[in-house]
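> sequence unknown, structure follows:
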Ligand SMILES: Cc1ncc(C[n+]2csc(CCOP(=O)(O)OP(=O)(O)O)c2C)c(N)n1
Ligand code: SF4
Ligand SMILES: [Mg+2]
């Protein structure tokens, strides 16, 4: 297939359709409106359904019903809208439903602004709603990756029967890049969705099915604490498997000469790459570890790189006041000084700013670097 | 190296429209800067893109103003507002009789709808209404799709296209073959719609390699203004 | 600019002397002015608190010389409830668009009206989501083209436009509910009277009051300002009849 130029939001929309997700529920919000506009145009061509809901609260619950049918359905929104879906996400996690959510993040808190941000990291990776649950979170940094990860998100959601989020900042939603879509896309086989509520015609509603639900009632209510704990343990088991099998990251210019290990994701990682390339010209060696899955987080991998003998510190760069940095700190423990650089509110740090901060660390002018005695 | 004259027009109002992501803004911004050097008269650019939240001509305001182009755009907080802002001075700028005005419109029929709300301002003195075509965009990759796009934009804007700008590209992956492929499509679209291809636009590096025997219309060399954050070496933090 | 010169002579005290961000021909500005004039006439500016919506009216606090809260999208009636219950001596009003009030905030407005909260709502119905670039609203007319109904609103899938004034009037709880328009001078005069009455009921601590105002959006309708006024009259008004739908003293009075 030829490479075509797409806007991030369109590319994500098309990727979802290619993955067979032709049921789309949403409420308008900038900077992701192009997803809905693209779907309004494309879905009738492929026999899909687009409901513009009355609110994001309704969107979340429309998705609950849609995915309970066993079909692939999804939504896209931006930060304030995703906040309103947290209740439904918690319910869907509890009911073990595969749903895909796209968050094209903008600056918060509150109404905030419409410029790009990465300030929803905590909300996405730590739960967001109530209860003991996790959302699988994928963070693209190029449009091709946005396409690939969107398609993967549907697969992983089905595989783990768990809410899965593609977390991208507004820049990824709005920018243009050449992309291509895999031709004749086939996924590796998944277990049948024998838990779906499709009517008990032709099957015995009382037979305990593979997932232990009899008859098929998709729910998260469990008044008996023993039952509820059991459900949470099932979930916990699932999250353990994700941590074992689904961690994804990219190592960029990581080598034994690196003096600093940078950890950064999404748009911010691309800016860091520019800086790393420039510093390489000046013979200063910096490596980048870019988490692609934010949950499960590549903690072991970060630690392994952080403790290489030449590494003087680990720098996290984010478009927030410091959220992922807490996971990096936890990964590295106290083996290396942890540095952070970030801008927020819709301001994207420039390569210059990041480079200046790296030079300060190397000159031991930052507090963490000053206090570090190895 | 291919040298072609600056593609000038007699009409003072030159409107660039097209599909989302066709590169209208890049062309409009470069064209406005080109006008300041090629013609001895005041030049202004109107950012009429109310559908895109980012990558609008207002982001090149500094460069434009430095080159002597007056930029008509919302200021301060409103510059990044999540709402359509149509400044009252836009109409005045269109109706004036001196200088050149470049209008950068948002994408698709959706972005062009705003023109329709000021159609009475454009009509009396005439205008160039140019469709910017990129054959590497999903909805304008063939003649039928391009004609449909033009039709939809004409319906929503209530203006008639007067020419085609062939701006086929894949950003950093643009080659002469891609440009020529787009130019050929533009010629076919032009024939079907009975309007001329007024110029081909492409980044300078590729423009230099185009064969004038193949591309028979002026080639307008672009220098990229709409950069992504990691492509920008120095960018002043916007005063908000 | 002539809006500004006009303002020199008649600018209400409650209204700031600034140019608004509204598109040429948009009637949001007219509606603001009417509210400001009423606040002046009652002399209640100093004890009035407005609640701003999320929608084109979000910057309303830049134009009023009164205190303001900015609510999450659709939740203004809940904020107003909270404020008014704690400080019944204040005059509280919400200013909301049709996406804000009739879509995401439907629950809040119905329950505020049903509880008979003693605040006033100015509901601006322009049949579209103006702020986010012209998506379909619950009040969008059948067949009307918007960015999320590119083939026109299909009533089979999206139902018919919601008539908010009529809907709220079915509630048993006493309220004052009227629909007006602002597309001609006569209508503007009537709209102002309705807004006055709405605030009067609040001042008298009588009931919940809501004025639905049919308004224009030239930019997203794709019409010139003049054509927009005609479209409002010819397309919206027959579907959204003007008049008083409910008063606290009588059953429907027309
Ligand atoms: C939770 C949430 N969802 C979506 C949005 C995006 N949004 C902002 S304004 C708006 C609709 C505005 O339309 P309307 O209320 O009709 O006001 P108008 O602009 O037409 O006056 C939407 C969907 C938001 N800010 N917050
Ligand atoms: S977009 Fe519509 S509602 Fe908003 S200011 Fe412009 S004309 Fe008014
Ligand atoms: Mg509206």
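Noted; the coordinates are in hand. In this text the structure is predicted, and so the values were computed from the model without any measurement. Ligands and ions are numbered 1, 2, ... in the order given.
> what is the longest helix along chain C packed up against?
Across chain C, the longest stretch assigned as helix under DSSP state H is helix C:185-203. When contacts are defined as 3 or more CB pairs under 8 Å, 6 or more residues apart in numbering or on different chains; DSSP states H and E, helix C:185-203 sits against helix C:28-42, strand C:91-97, strand C:120-125, strand C:175-181, strand C:208-214. Glycine gets a C-beta too; all of them are placed from N, C-alpha and C.
> now these in CSV, with mean neighbour count and distance to residue B:227?
Output for the helices and strands packed on helix C:185-203, formatted as CSV (neighbours: other CB atoms under 10 Å in any protein chain shown; distance: least, CB to CB, whole Å):
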stretch, mean neighbour count, distance to residue B:227
helix C:28-42, 22, 36
strand C:91-97, 28, 36
strand C:120-125, 27, 39
strand C:175-181, 25, 47
strand C:208-214, 27, 44
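> wait, which of those is closest to residue A:153?
Proximity to residue A:153, assessed across the helices and strands packed on helix C:185-203 by CB to CB, is greatest for strand C:91-97 (33.4 Å).
> ok, now which ones touch the closest residue in space to residue A:146 that isn't next to it in sequence?
Using CB to CB, 6 or more residues apart in numbering or on different chains and skipping the chain neighbours, the partner closest in space to residue A:146 is residue A:140 (4.0 Å). Taking CB atoms under 8 Å, 6 or more residues apart in numbering or on different chains as the contact definition, residue A:140 lies against A:146, A:148-150, A:166, A:168, A:172, A:266, A:292.
> re earlier: for chain A, which of the helices and strands packed on helix C:185-203 is the nearest?
strand C:91-97 (12.4 Å; CB to the nearest CB).
> which ones are touching the residue lying closest to residue B:103 once chain neighbours are set aside?
Once flanking residues are discounted, residue B:103 sits nearest to residue B:15: 4.2 Å by CB to CB, 6+ apart. Shown in contact with residue B:15 (CB under 8 Å, 6+ apart): B:102-103, B:105, B:115, B:122, B:127-130, B:159.
> which SS class is residue B:15?
Secondary structure, DSSP: H, G, I helix; E, B strand; the rest coil: residue B:15 is strand.
> so how far is residue B:132 from it?
10 Å (CB to CB, to the nearest Å).
> report the distance from stretch B:186-199 to the chain centre.
Centroid separation between stretch B:186-199 and its chain, computed with CA atoms, centre = their mean, to the nearest Å, is 17 Å.
> and the contacts of that stretch?
B:7, B:9, B:128, B:130, B:133, B:135, B:143, B:146-147, B:150, B:161-166, B:168, B:183, B:200, B:217-220.
> so for that stretch, mean pLDDT?
Average pLDDT, stretch B:186-199: 98.
> so which bits of it are buried?
By 16 or more other CB atoms under 10 Å in any protein chain shown, the buried positions in stretch B:186-199 come out as B:186-187, B:189-190, B:193, B:195, B:197-199.
> mind checking which of those residues are in helices?
B:186-187, B:189-190, B:193.
> closest one of the residues you listed to residue A:70?
For those, the nearest to residue A:70 is residue B:189 (44.3 Å; CB to CB).
> please report how far the closest one lies from residue B:198.
The value you get for residue B:189 to residue B:198, if CB to CB is used, is 13 Å.
> sketch out the low-pLDDT regions of the chain for me.
Since no chain was named, I'll use chain A. Within chain A, the segments meeting pLDDT under 70 span A:1, A:200, A:203-217, A:374.
> the intended chain is chain B.
Across chain B, the ranges flagged by pLDDT under 70 are B:1-3, B:76, B:82, B:232-240.
> assign residue A:283 to helix, strand or coil.
Going by three-state DSSP: residue A:283 is coil.
> my bad, residue C:59
Look at residue C:59: counting by three-state DSSP, its state is helix.
> what sits against it?
Here residue C:59 is in contact with C:20-21, C:52 (CB under 8 Å, 6+ apart).
> now the helices and strands packed on helix C:185-203 as a markdown table including mean pLDDT?
As requested, the helices and strands packed on helix C:185-203 are arranged in a markdown table below (pLDDT from 0 to 100):
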| stretch | mean pLDDT |
| --- | --- |
| helix C:28-42 | 97 |
| strand C:91-97 | 97 |
| strand C:120-125 | 98 |
| strand C:175-181 | 98 |
| strand C:208-214 | 98 |
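> distance to ligand 1 added to the ones you listed, as a markdown table?
Compiled in a markdown table, the helices and strands packed on helix C:185-203 are given as follows (distance: least, CB to the nearest ligand atom, whole Å):
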| stretch | distance to ligand 1 |
| --- | --- |
| helix C:28-42 | 6 |
| strand C:91-97 | 2 |
| strand C:120-125 | 6 |
| strand C:175-181 | 15 |
| strand C:208-214 | 11 |
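> relative to residue A:193, which of those is closest?
The minimum distance between residue A:193 and the helices and strands packed on helix C:185-203 falls on strand C:91-97, with 40.6 Å, by CB to CB.
> between strand C:208-214 and that closest one, find me the angle.
Strand C:91-97 and strand C:208-214 meet at an angle of 30 degrees, taking axes from the mean of the first three to the mean of the last three CA atoms, to 10 degrees as the criterion.
> tell me what strand C:91-97 is packed against?
Against strand C:91-97 (3+ CB pairs under 8 Å, 6+ apart) you get helix C:28-42, strand C:48-52, helix C:76-86, strand C:120-125, helix C:185-203.
> roughly how far apart are the residue in chain C positioned nearest to ligand 3 and chain B?
Closest contact between chain C and ligand 3, by CB to the ion, is at residue C:97 (3.8 Å). Taken as CB to the nearest CB, to the nearest Å, the spacing of residue C:97 relative to chain B amounts to 11 Å.
> okay, now the residue lying closest to that residue once chain neighbours are set aside: neighbour count?
In space, and not counting its chain neighbours, residue C:97 is closest to residue C:55: 3.5 Å by CB to CB, 6+ apart. When counting by other CB atoms under 10 Å in any protein chain shown, one arrives at 25 neighbours for residue C:55.
> taking the buried residues of stretch B:186-199 together, which two end up most distant?
B:193 and B:199, at 16.3 Å, using CB to CB across the buried residues of stretch B:186-199.
> now the residue in the stretch 101-250 of chain A positioned nearest to ligand 2, what's its secondary structure?
Relative to ligand 2, the nearest point of the stretch 101-250 of chain A is residue A:114 (15.1 Å; CB to the nearest ligand atom). What three-state DSSP gives for residue A:114 is coil.
> same deal with residue C:69?
Residue C:69 ends up strand, using three-state DSSP.
> identify the residues contacting residue C:36.
C:12-15, C:63-64.
> and which of those is nearest to residue A:270?
residue C:63 (40.7 Å).
> low pLDDT regions in chain C?
Ranges of chain C meeting pLDDT under 70: C:1-9, C:250-254.
> residues of it that sit close to chain A?
Within chain C, the positions near chain A by CB under 8 Å from any CB of the partner chain are C:54, C:58, C:70, C:72-74, C:99, C:103-106, C:129, C:132-133, C:135-136, C:138, C:147-151, C:157-158.
> could you list which of these belong to helices?
Reading helices off the residues of chain C next to chain A with DSSP H, I get C:99, C:106, C:157-158.
> buried subset of the residues you listed as a PyMOL selection?
Those of those that count as buried under 16+ other CB under 10 Å are selected in PyMOL with:
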select buried, chain C and resi 99+106+158
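> need the ones in helices among the residues of chain C next to chain A in a markdown table (columns: distance to residue C:225).
Listed next are those as a markdown table, based on distance: CB to CB, whole Å:
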| residue | distance to residue C:225 |
| --- | --- |
| C:99 | 22 |
| C:106 | 30 |
| C:157 | 32 |
| C:158 | 28 |
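> which one of the ones in helices among the residues of chain C next to chain A is nearest to ligand 1?
Closest to ligand 1, out of all of these and judged by CB to the nearest ligand atom, is residue C:99, at 3.0 Å.
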